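Asker: Sequence first, then the predicted structure, then my questions.
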Amino acid sequence: MKTLDKQRFNIAITAMGGQGGGVLADWIVGMAEAANWHAQTTSVPGVAQRTGATIYYLELFRPQPGDADTRRPVLSLSPASGDVDLVVAAELMEAGRALQRGFVTPDRTTLIASSHRAYAVAEKESMGNAIADSDSVHVTAAEMAQRYICFDMAALAEQCRSVVSAVLFGAIHGSGVLPFGREEFEQAIRRGGVGVDASLAAFAAGATQAEANRKPENPVVPGAVAPGWHYGGQDGGIRQLLADVERDFALVLQPLIQEGVRRMLDHSDLRYARRYVQRMQRLVALEAGADAGGKEAGRCSTVAARTLGLWMAYEDTIRVADIKTRSQRFERLYDEVGIDADQVSHFTEFMHPRLEEIAETLPAGVGRWVLRTGWAGRLLEVLFAGPKKLSTQSLCGFVSLYLVAQLRPLRRFSLRDAIEQTQIDAWLEQLEATLVADYDLGCEVAALPELIKGYSKTRERGLRSFRAISAAARALGGRSDAREILRSLKAAALQSEEGSELDAALQRYQLGHLFEPLPGKQQDSAGCASQYVDAAAR
Amino acid sequence: MAERSFKSEVKKLHAGEGELFHGEGILAVTKALLQSGVSYVGGYQGSPISHLMDVLADAREEILDDMGIHFETSASEATAAAMLSASVHYPLRGAVTWKSTVGTNVASDALANLASGGVTGGAVIIIGEDYGEGSSIMQERTHAFAMKSHIWLLDPRPNLPSIVDMVEKSFELSEASNTPVMLQMRIRACHVHGQFVAKDNRKAEFTLQDALQNPKRDLSRVVLPPSTFVHEREKIEARLPAAIEFIKAQELNEFFPGSREDIGIILQGGSYNTVIRALEHLGLADAYGQSQIPLYVMNVAFPLIDDELLRFAQGKSAVLLVEEGNPEFIEHELHTLFARAGCKTLLQGKAVLPRVGEYTTDVVKAGLRNFLQAQTTDLLQHETALSFVPARSLSVETLTDVVPARPAGFCTGCPERPIFSAIKLLQKERGDFHISCDIGCHLFSILPPFNLGATTMGYGLGSASASAFNVSSDKPAISIMGDGGFWHNGLTSGVGNAVFNKSDGVNLIIDNAYTAATGGQDILSSRAANANLATNNPISRAVEGVGVKWVRTLTRTYDVTAMLKTLREAVSTKGQGPKVIVAQSECMLNLQRREKRNKRADLKAGKRVTEARFAIDEQTCTGDRACIRLSGCPSLTVKENPDPWRSDPVTRIDSSCVGCGLCGENVHADILCPSFVRVEVVRNAGRWETFRRRLSQSVIRRLQKRAQRRHEIYQLDGAA
């Protein structure tokens, strides 16, 4: 007594707010009813309308010749596993969810999914990288669906200035699952009456791409090492330095070091780039003598070339001002909001320099004195610190940032540079010592500066974790499981900003004393500052 | 103004005899009310019946006024239930609606009194049963209320003709038995799109004005001793038999014959389509609902019709009862019935079906298989796996760790978000507080990334649920309430209570000008002018009126710094009674709908229009995402780090940004990174503005070129 093959089409649509899932369902029902089919749609919105996903469920039933008017099919209000002909997912992880719920089965289901991602809060708020693995969805979909059609429909929709639902509707047509002609599809859009032209364009684009039945594009692998930097200029000093790099470093390391040199030049100057190369030379020489435990050599330098480079190119007020005033940055912003340079626009920069950031831009001695001296600090604070809104499209705003950017040659005398170089040297010293004693542990220490990110308070929190784990590495030296422990500490540090997980993890190994309380809770900024300098001086 | 307009749909409500009506379940209910000759309609919005209220509000001018039907948005479900008292003495038909079981909880005082005295005119309650997938409330059954107060409960088959028919019959049933009737609509039935053949709308013969001109009172209908004892007897001895008589005569419950007379299935009407689909999957029914197993469909879930049930069970060795939800009231009653009647038929219900959870096709299918395998010798005996369902591949299991949960959250640009950013900052300074939450959009603060709030006890009860913590502490309890909850009952149950009991707690009232969570309906404190409603009654005046001394109104919630300052002051002020902070900014969904329309018109008219949104400098963003942890805005998202040397994603602001300004405020309040930039684009700019722009641009470009020269010497952007 099973329903005749292809007499009924069961369709599940998963979409998030603003993607037009309801409109898509209406188009499909309208199309079926226009052809005198029985059609039913329902949904479960509720709170799902606020950023959650809504599932629309449709059943289309083709009447049989001779069916009396009174003989109506009983249509279901919710999808059952194994009983869905077409699953339409307006976002990739929602396709994953449909797979999990058993809506997609190999004997019957066509799965049409947009490959773009709308990230969930859990993916976005993580301190590390918590982005879900799209590949697992592609693999499962290819295995579970009778046909899997997946491409970036959001991008296509944007090109056509429409929403993803129109592209999906096109893809449904292109897939050939529903026995309706192109004219019937397009007529459904016209009947809707809103944004018809844009919808029709997006529909056509979706149909074409689905007919081609493209496989999902290969995503870019994050964290992959870029090729090295090829210098095209005539500066003799730079040429000499790059020649040194070619001479002194193994082939695998050269692209990394070249890229590091470029970053130092971009950040400061040739002198600074030399310093980077020297630091790396020292490390490589030391690593050559260390026992890599039979595994591939140069592992540690590969990591350190990156972490050292990122650390040395630290973001101070000069660096931020430099980036903010560059023409490429202006062009990128124009591009992002879809205007050109001639269009009247205003950029408002939101900054909140604290006394620390101001003082750190001063020559080291002066900066320290300012932080020590109450009245000077307060004066500077009143003049320069605090929440600032700055328009970089106005002359006044632009020029003031531009002037700060011009301080670059003086950066090496600044307090900030003194603080950073002291910390970097301390880290390198520890790295070198660890490397000789325990190569694997050394590799972990080389990666530790990854914890230092962000600005002001965020950076302080990162530094605190870094210092605690560095100290832990010192204390753990000699233990055979030191590397595993260090890894678990690093993972704990990425659990929360408050660091309670790291604190707990440290206590597990009787290292609780290494976790310093944060400066902050209700202390005045001068108090914060002095603690900050103390920490930096360590 | 409600989130969704039904202005065009309500035109369909004019449909007359014989016309085919297409539409949503909710719209069909409205049409059925008009066909039934109602005189008044009320209710309180909430999923899944929000749309019913919106349809009625939009239908007011189109049709209700002409038909002399009074419609109002009640202050609460209790108000709505009490409204039905108009049908106690007068032959007036009335209907009210709300979300159940939460709304029924609120209404139950009035309902109990109404049911005790009984009604003269048909009194019907359309219940939006919020159970199962998509539900936002605790999972309970309205059935319990029906049983305890003796209110008949209809649970029609979820197709529009059945629903419409049952609405009409429910008025007749109510009048025939002098008892209020509840008609239960499950979530999917509310939103189902289908069709039915319409009838003419009917105007009530006896009007509300007639009642006022000829007032009636009958002491025997008033719930006061000794009438109360009489009412109890009447319920059992008069009204119940009358109801049963009507239900049988009108054949409200349906018998569907089948060839297998040795067994049968008893089910609630609402489960009909699911049971048929399950039978079809098992090869025991066709697509048109023709089942091999006889069915008894209870469109009336309470009361049970004993002789119909016994007739159905007669001659069968076993029957399966498909009863969703727990406790299994019907099953208990059926066992009693069978035992009393000496019926030997085996009854199985929760023995083969799960005790909890929604009865989906998959669940019912498994239950049916268990039942048929045990109770027959020939059906599905060799069915080990359920047909249609293939073996699960291992790769599906791997998705468990991959697919992220998608908890509900605040919309892009929501004015409530900055309030919770401020509370998070307060907690960073002072440590965590005990926070008692309420129902409404603001409850999303309980979820990541805010993670604020410990309890939520009911609509408008945010402040009341902190009342135990009326002790001296340097960290007073903070309670949160929305404007919707405040007017629903929070003014008295929370704020008034705190004044009376000299509580020192902090009451944060979030005033976004609508009951935003239920779809943006107007309330007393709405700022918009509404021709039909009295709006613009400030919350601050109401709380001052009940005796609050310390009131602060913030008219721009996006000012995180001011919000934080006010919160600091509130938690450290002692001995002044409850501190009330009214945080005002309009719901962004409503605001945008209006603004977008206006801007489009201005742009066309050549007027100066500015559009603002935020962007991020990906070069200065280091990917620590502290900004996201403080905001959670949907437009504040991530992308892979453009710097191949960094592995953590960077923040990105997508084109859905409405430029609310919170990102900038958070940068200032929490001293975040300098990556945020607000980009304002001026369309149709004036001449002077354009000239100034050109002038500054020429200088800026020259300076940028000068800086660029350094890079050219280095050829930093050369072949990479």
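Answerer: Perfect, I can see it now. Being a predicted model, the structure only gives us computed values, none of them experimental.

Asker: tell me the domain boundaries of chain A?
Answerer: A:8-212, A:225-313, A:317-352+A:387-413, A:374-385+A:415-538 (automatic domain parsing).

Asker: ok, of these, where does mean pLDDT dip lowest?
Answerer: Among the domains of chain A, domain A:374-385+A:415-538 has the lowest mean pLDDT, at a mean of 85.

Asker: give me the element residue B:350 is part of.
Answerer: When secondary structure is defined by DSSP states H and E, residue B:350 falls outside every helix and strand.

Asker: neighbours of it, just the number please.
Answerer: 15 (other Cβ atoms under 10 Å in any protein chain shown). From N, CA and C alone the C-beta is placed, and that goes for glycine too.

Asker: Against residue A:305, how distant is it?
Answerer: Note on residue B:350: its distance to residue A:305, by Cβ to Cβ, to the nearest Å, is 66 Å.

Asker: which one of the domains of chain A is the most hemmed in?
Answerer: Of these, the one with the most neighbours on average (mean count of other Cβ atoms under 10 Å in any protein chain shown) is domain A:8-212, at a mean of 21.

Asker: How far off centre is that one?
Answerer: Distance of domain A:8-212 from the chain centroid (Cα atoms, centre = their mean, to the nearest Å) equals 27 Å.

Asker: Quick check: end-to-end length of that domain?
Answerer: Domain A:8-212 has an end-to-end distance of 26 Å (Cα to Cα, to the nearest Å).

Asker: For residue B:268, see how far away residue B:320 is.
Answerer: Distance, residue B:320 to residue B:268, using Cβ to Cβ: 13 Å.

Asker: ok, now residue B:324?
Answerer: 7 Å.

Asker: one step back: of all the domains of chain A, which one is nearest residue B:177?
Answerer: Checking these against residue B:177 by Cβ to Cβ gives domain A:8-212 as the closest, at 30.4 Å.

Asker: next one: phi and psi at residue B:319?
Answerer: Backbone torsions of residue B:319, given as degrees, to the nearest 10, read phi -130, psi 150.

Asker: Same list (the domains of chain A) but as CSV, adding distance to residue B:9.
Answerer: As requested, the domains of chain A are exported to CSV (distance: least, Cβ to Cβ, whole Å):
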stretch, distance to residue B:9
domain A:8-212, 12
domain A:225-313, 56
domain A:317-352+A:387-413, 36
domain A:374-385+A:415-538, 48
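
Asker: Tell me which of these lies nearest to residue B:257.
Answerer: Of the domains of chain A, nearest to residue B:257 by Cβ to Cβ is domain A:8-212, at 15.7 Å.

Asker: My guess is residue A:118 contacts residue A:14. True?
Answerer: No. Residue A:118 is beyond contact range of residue A:14, at 11.5 Å (criterion: Cβ atoms under 8 Å).

Asker: Overlap in contacts, those two.
Answerer: Residues touching both residue A:118 and residue A:14 (Cβ atoms under 8 Å, 6 or more residues apart in numbering or on different chains): residue A:91.

Asker: Measure how buried the residue nearest to residue B:652 when sequence neighbours are not counted is and give me the count.
Answerer: The shortest distance from residue B:652 to any non-neighbouring residue, by Cβ to Cβ, 6 or more residues apart in numbering or on different chains, is to residue B:639 (4.4 Å). Applying other Cβ under 10 Å, we find 17 residues neighbouring residue B:639.

Asker: how many neighbours does the nearest residue to residue B:187 once chain neighbours are set aside have?
Answerer: Of all residues beyond its chain neighbours, the one nearest residue B:187 is residue B:48 (4.4 Å), with distances taken as Cβ to Cβ, 6+ apart. Neighbours of residue B:48 under the rule other Cβ under 10 Å: 26.

Asker: Wait, a strand at residue B:48?
Answerer: No. Residue B:48: not assigned to a strand; according to DSSP: H, G, I helix; E, B strand; the rest coil it is coil.

Asker: Does anything pack onto the top helix by length along chain A? Which helices or strands?
Answerer: The longest helix of chain A (DSSP state H) is helix A:415-437. Contact partners of helix A:415-437 among helices and strands, from 3 or more Cβ pairs under 8 Å, 6 or more residues apart in numbering or on different chains; DSSP states H and E: helix A:270-289, helix A:299-312, helix A:355-361, helix A:364-372, helix A:439-447, helix A:456-476, helix A:525-537.

Asker: go with 10 Å
Answerer: helix A:270-289, helix A:299-312, helix A:317-324, helix A:355-361, helix A:364-372, helix A:439-447, helix A:456-476, helix A:525-537 (3 or more Cβ pairs under 10 Å, 6 or more residues apart in numbering or on different chains; DSSP states H and E).

Asker: Dump those to a markdown table, plus distance to chain B.
Answerer: Formatted as a markdown table, these follow (distance: least, Cβ to the nearest Cβ, whole Å):
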| stretch | distance to chain B |
| --- | --- |
| helix A:270-289 | 9 |
| helix A:299-312 | 5 |
| helix A:317-324 | 5 |
| helix A:355-361 | 10 |
| helix A:364-372 | 17 |
| helix A:439-447 | 10 |
| helix A:456-476 | 5 |
| helix A:525-537 | 10 |
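
Asker: what residues are shared contacts of residue B:320 and residue B:268?
Answerer: Common contact partners of residue B:320 and residue B:268 (Cβ atoms under 10 Å, 6 or more residues apart in numbering or on different chains): residue B:275.

Asker: Show me which parts of stretch B:550-566 are buried, residue by residue.
Answerer: B:550-552, B:554, B:557-566 (16 or more other Cβ atoms under 10 Å in any protein chain shown).

Asker: repeat for stretch B:595-607
Answerer: residue B:599.

Asker: and it, anywhere near chain A?
Answerer: No. Judged by Cβ under 10 Å from any Cβ of the partner chain, stretch B:595-607 stays clear of chain A, getting no closer than 12.7 Å.

Asker: Relative to the whole chain's centre, how far out is that stretch?
Answerer: The answer for stretch B:595-607 is 34 Å, by Cα atoms, centre = their mean.

Asker: repeat for stretch A:320-340
Answerer: Here stretch A:320-340 is found 20 Å from its chain centre; the criterion is Cα atoms, centre = their mean.

Asker: And stretch A:301-315, by the same measure?
Answerer: For stretch A:301-315, the distance to the chain centre is 19 Å (Cα atoms, centre = their mean).

Asker: how close does the spatially closest residue to residue A:270 that is not a sequence neighbour sit to residue A:269?
Answerer: Once flanking residues are discounted, residue A:270 sits nearest to residue A:237: 4.9 Å by Cβ to Cβ, 6+ apart. Distance, residue A:237 to residue A:269, by Cβ to Cβ: 10 Å.

Asker: Over to residue B:474?
Answerer: Distance, residue B:474 to residue A:269, using Cβ to Cβ: 53 Å.
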